[in-house]
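Participant: got a predicted structure plus its sequence, pasted below:
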Amino acid sequence: MADGTLWILVGNASRARLFATDAKAQGDWRLVEEFQHEESRAKAFELLNQPDNPNAGTLHGPPVENEPNGRKVVEHDRFARELSDYLDKGHDRRAFDKLVIAAPPEFLGRMRRLLSSRVKQRVLLDVDADYSNVPARDLPDRVPVL
C-alpha cells in the first residue's frame, strides 16, 4: 500500500472531490480528482423526457424511472457506482491506505452499499454531512480525519 496515504472523499449525489494527505502528519490536502454528475442535478421531468434513456425497462416489473423521482434515484446510484469504482481502482493501484468519506446521509448510504469489501476495510471514518460546497482550504477544519 501507499506509505500512509489517506484519501478523503467529500461529496454528494452530483459532485465530489477526492483529496489525499499523509495519514500520519495530516498535512495539506492535495486534490486528486473532481467528479461531476450533471444528470443528478437535472429535474426529474427533464430526465424522464430524455429520448435516449439507457435505463428503460426491466424484466421484473415496472422500471424504477416510472416512479416519482425514479430517474433521480437511478442517477444517484450511477454516480455512487462511478465513485465506488474509482475507489476500487485506487485500492488496486495501492494509491491509499485509509479512506474517509463525507457525504449527506442518503448518498453516504448508497456509497456504503456499493463499496467493495476490500475498500470498506480501508474506511477509517464516514461523516454524515454535505461539505460539497465548502472551499477546499476550509475542509481540513470540518472533516475530522483522526
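Facilitator: Done, it's in.

Participant: may I see the buried residues of stretch 111-119?
Facilitator: Residues 111, 114-115, 119 are the ones in stretch 111-119 that count as buried (16 or more other Cβ atoms under 10 Å). (Each C-beta comes from the backbone N, C-alpha and C, glycine too.)

Participant: next secondary structure after the lowest-mean-pLDDT helix or strand in the chain?
Facilitator: Ranked by mean pLDDT, DSSP states H and E, the weakest helix or strand in the chain is helix 44-48, scoring a mean of 47. With elements assigned by DSSP states H and E, the helix or strand that comes after helix 44-48 is helix 70-92.

Participant: show me what that next one is packed against.
Facilitator: Counting by 3 or more Cβ pairs under 8 Å, 6 or more residues apart in numbering; DSSP states H and E, the packing neighbours recorded for helix 70-92 are strand 5-11, strand 15-22, strand 30-36, helix 38-41, helix 44-48, helix 105-114, helix 117-120.

Participant: swap the cut-off to 6 Å and go again
Facilitator: helix 38-41, helix 44-48, helix 105-114, helix 117-120 (3 or more Cβ pairs under 6 Å, 6 or more residues apart in numbering; DSSP states H and E).

Participant: worst mean pLDDT among those helices?
Facilitator: Note on the helices and strands packed on helix 70-92: lowest mean pLDDT is at helix 44-48, with a mean of 47.

Participant: can you pull out the low-pLDDT segments for the protein?
Facilitator: Applying pLDDT under 70 to the chain flags the ranges 1-3, 25-27, 38-70, 146.

Participant: still on that earlier bit, which of the buried residues of stretch 111-119 lies closest to Ala20?
Facilitator: Val119 (15.1 Å; Cβ to Cβ).

Participant: is it true that the closest one touches His91?
Facilitator: Yes - taking contacts as Cβ atoms under 6 Å, Val119 lies within contact range of His91: 5.3 Å.

Participant: what's the spacing between Gly11 and Ala95?
Facilitator: 18 Å (Cβ to Cβ, to the nearest Å).

Participant: likewise Leu18?
Facilitator: 10 Å.

Participant: Tyr86 now?
Facilitator: Counting by Cβ to Cβ, the gap from Tyr86 to Ala95 is 10 Å.
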